[in-house]
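Participant: Sequence first, predicted model second:
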Amino acid sequence: MTSIAACGPGSPPADTDGGTGDDTSPTSTASSDAPPTSAPNPTIPGPDATDTNATDTGVLTTDPVTTGVLTTGFETDTDTGFETDGDTGEPSEPAPGVPLDQFVCGPAARWLTFDLESAGGSWAVADSRGHLRVSTLEFDFLDFDEAGVLVEQFAVPQQWHLGGLDGADELYLPFIDTGIPPEQRHRWLRKFSLDGTLLWEVDRGFSFGLTSLAGRAAVAPDGTTLLSQRDLGRVQRFAADGSLLLDKELGDKPFDEALAMNTAGVAAAVRYGEAGAVLALTPDAAVAWEHPFELPDRAVAEIDESGRVTAAPVEAPLEVLRLAADGAVQWHQTLGTLPKFAVSTQTAIAVNELGETAVSGTGFSGDFQAAFVVKFTPAGEIDAIHQCDNTSAGRGVAIDEAGAVYLVGQVWDTEGPHLFAAAFD
């Protein structure tokens, strides 16, 4: 439930690394790919920002939070969410948007904040302190407290892929070497403290000549990690101290990626394509059960401590599947799209131990686009829908054990795209 599995232009495709640039030491400054390829048109009125439980539960904070985020730039339109110049590959200037002080995410937002130095957020996790942890499109990590105040910010060495937090809120990320010939590159697992200090690193072996595959890390609350890679049959499990627990070659691997894991060592995995499936893996990476579920080439999945698995395709019409610990279907929501939108696509999911689920995404109606988050009850019924204003896109989502929901994404204002984060009770 603390896996970094959200998507968007800042999160790498399933077969690619999570960053660019040279591998450098981590520093602290103490402080689930969008469908459109261009910035939204802010002149289109579109649907109003709505909220199905539209009681104002707190003060809406729109004062921008200005930070010193390290900007590394973007490589392609899949990294930025807007058009790139065909000759240079540089981001095109997006159309002007609304001023940030006029941007809202429904009347029930407990807080709403912005990072003017970042072009957007890509994933979100609610940690045990009630803080919101966010990754930016520039591959930095931000820490917002209960009031939405930025209290910590750090960058980590790049060429990292998706990982997660343990129960102590420490961060685990897989890496691949950069700046050396492919045949000499190694893959690594690194653990970072709350302030970005590197606690340890483990050499996972050669990258087999692959240049941009760090693998994916599913992180359990006790700090155990399971690493898998789509194009390789090898899986590895490490203890919280970095010691190797399992190194197994699967000759005919029945899954593509392991996406989440609980303390018992049971992992939620997915297989893509028309013969797609959601699977549960035992601690030795054997298949406990699988359930057919057609998936595109990207998906998100979570597993709770009781073994329930929740899964959804990425950048597809709204669809969420909940399976019991034995693989039986508990509920299956196929919403397709939300009211007032012609098309809605989901980007990330999050679950808590109560069985509540949150889904982030972006809704489209003509040239209008808006970020949204949907909260489901443990029975799979819609509990709330929170929608932001036009010129926004939902990228990541989190939900805490009290049921508070957090939405992270992009908003385009007159200065271009920025990161926004909002909290809803």
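Facilitator: Yep, it's here.
Participant: For the closest residue to residue 217 other than its chain neighbours, give me phi and psi.
Facilitator: Excluding its sequence neighbours, the residue lying closest to residue 217 (CB to CB, 6 or more residues apart in numbering) is residue 163, at 4.0 Å. The way it works is simple: take the backbone N, C-alpha and C, and place the C-beta from them, glycine included. Per-residue torsions, residue 163: phi -140, psi -140 (degrees, to the nearest 10).
Participant: dump the residue contacts of residue 189.
Facilitator: Applying CB atoms under 8 Å, 6 or more residues apart in numbering to residue 189 gives the contacts 172, 173, 174, 175, 201, 202, 204, 217, 225, 227, 238, 242.
Participant: looking at the protein, which helix or strand is least sure?
Facilitator: helix 77-80 (a mean of 29; mean pLDDT, DSSP states H and E).
Participant: Quick one: list the elements packing against the next helix or strand after that helix.
Facilitator: Per DSSP states H and E, the first helix or strand lying C-terminal to helix 77-80 is strand 109-115. With contacts defined as 3 or more CB pairs under 8 Å, 6 or more residues apart in numbering; DSSP states H and E, strand 109-115 has these neighbours: strand 416-424.
Participant: Next, the angle from the strand it packs on to strand 109-115.
Facilitator: Using axes from the mean of the first three to the mean of the last three CA atoms, to 10 degrees, the direction of strand 416-424 lies 150 degrees away from that of strand 109-115.
Participant: Could you look up the SS state of the nearest residue to residue 146 once chain neighbours are set aside?
Facilitator: Distance criterion CB to CB, 6+ apart; nearest residue to residue 146, sequence neighbours excluded, is residue 130 at 4.8 Å. Secondary structure assignment for residue 130 (DSSP: H, G, I helix; E, B strand; the rest coil): coil.
Participant: if I look at residue 130, how far off is residue 358?
Facilitator: Taking CB to CB, to the nearest Å as the measure, residue 130 falls 16 Å from residue 358.
Participant: which of these two has more neighbours?
Facilitator: Counted by other CB atoms under 10 Å, residue 130 and residue 358 do not tie: residue 358 has more neighbours, with 29 against 15.
Participant: Of the contacts of residue 189, which belong to helices?
Facilitator: Among the contacts of residue 189, no member is found in helices (DSSP state H).
Participant: Export those to a markdown table and append columns for pLDDT.
Facilitator: Listed next are the contacts of residue 189 as a markdown table, based on pLDDT from 0 to 100:
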| residue | pLDDT |
| --- | --- |
| 172 | 96 |
| 173 | 93 |
| 174 | 91 |
| 175 | 90 |
| 201 | 95 |
| 202 | 95 |
| 204 | 89 |
| 217 | 92 |
| 225 | 97 |
| 227 | 93 |
| 238 | 97 |
| 242 | 97 |
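Participant: Narrow these to those that are buried.
Facilitator: With burial judged by 16 or more other CB atoms under 10 Å, the buried subset of the contacts of residue 189 is 172, 173, 174, 175, 202, 204, 217, 225, 227, 238, 242.
Participant: so which helix or strand takes in the closest residue to the fourth one other than its chain neighbours?
Facilitator: Same thing as residue 175. The spatially closest residue to residue 175, leaving aside those adjacent along the chain, is residue 188, at 4.3 Å (CB to CB, 6+ apart). For residue 188, the host element (DSSP H and E) is strand 186-192.
Participant: buried ones in that strand?
Facilitator: Buried positions in strand 186-192, judged by neighbour count with 16+ other CB under 10 Å: 187, 188, 189, 190, 191, 192.
Participant: Flag the shaky bits of the stretch 151-300 of the chain, pLDDT-wise.
Facilitator: Under the criterion pLDDT under 70, the flagged ranges of the stretch 151-300 of the chain are 208-214.
Participant: With adjacent residues omitted, what lies nearest to residue 341?
Facilitator: residue 363 (3.5 Å).
Participant: Disregarding flanking residues, what is the spatial nearest neighbour of residue 113?
Facilitator: Closest to residue 113 by CB to CB, 6+ apart is residue 148, at 4.4 Å.
Participant: And the one you found, how close does it get to residue 130?
Facilitator: Residue 148 sits 11 Å away from residue 130, taking CB to CB as the criterion.
Participant: ditto for residue 120
Facilitator: According to CB to CB, residue 120 and residue 130 sit 23 Å apart.
Participant: Next: residue 265.
Facilitator: Residue 265 sits 27 Å away from residue 130, taking CB to CB as the criterion.
Participant: Run a quick neighbour tally on residue 126.
Facilitator: Residue 126 - counted by other CB under 10 Å - has 25 other residues nearby.
Participant: what bridges to it?
Facilitator: Beta-bridge partners recorded for residue 126 (DSSP bridges): residue 132.
Participant: got it, and residue 300?
Facilitator: Beta-bridge pairing for residue 300 (DSSP bridges): residue 312.
Participant: What is the neighbour count of residue 296?
Facilitator: For residue 296, using other CB under 10 Å, the count is 13.
Participant: what's the spacing between residue 112 and residue 103?
Facilitator: According to CB to CB, residue 112 and residue 103 sit 8 Å apart.
Participant: Angles on the backbone of residue 182, please.
Facilitator: Per-residue torsions, residue 182: phi -50, psi -40 (degrees, to the nearest 10).
Participant: That one and residue 243, how far apart?
Facilitator: Counting by CB to CB, the gap from residue 182 to residue 243 is 28 Å.
Participant: neighbour-wise, which of the two wins?
Facilitator: Higher neighbour count among residue 182 and residue 243: residue 182, with 14 against 9, using other CB under 10 Å.
Participant: Helix or strand: which one has the residue nearest to residue 341?
Facilitator: Here residue 363, judged by DSSP H and E, is contained in strand 357-365.
Participant: Low-confidence regions, the stretch 1-150 of the chain specifically.
Facilitator: Counting by pLDDT under 70, the low-confidence segments of the stretch 1-150 of the chain come to 1-97.
Participant: change it to 80
Facilitator: 1-98 (pLDDT under 80).
Participant: Spell out which residues are contacts of both of residue 148 and residue 130.
Facilitator: Common neighbours of residue 148 and residue 130, using CB under 8 Å, 6+ apart, do not exist here.
Participant: For the stretch 201-350 of the chain, which segments are assigned as strands?
Facilitator: 216-219, 225-229, 232-238, 244-249, 257-261, 267-271, 277-281, 287-292, 299-303, 309-313, 318-323, 329-336, 343-351 (DSSP state E, counting those that start in this stretch).
Participant: Could you double-check that the residue nearest to residue 217 sits in contact with residue 215?
Facilitator: No. Counting by CB atoms under 8 Å, residue 163 does not reach residue 215; the two are 9.5 Å apart.
Participant: Could you name every residue contacting both of these two?
Facilitator: Counting by CB under 8 Å, 6+ apart, the residues touching both residue 163 and residue 215 are residue 174.
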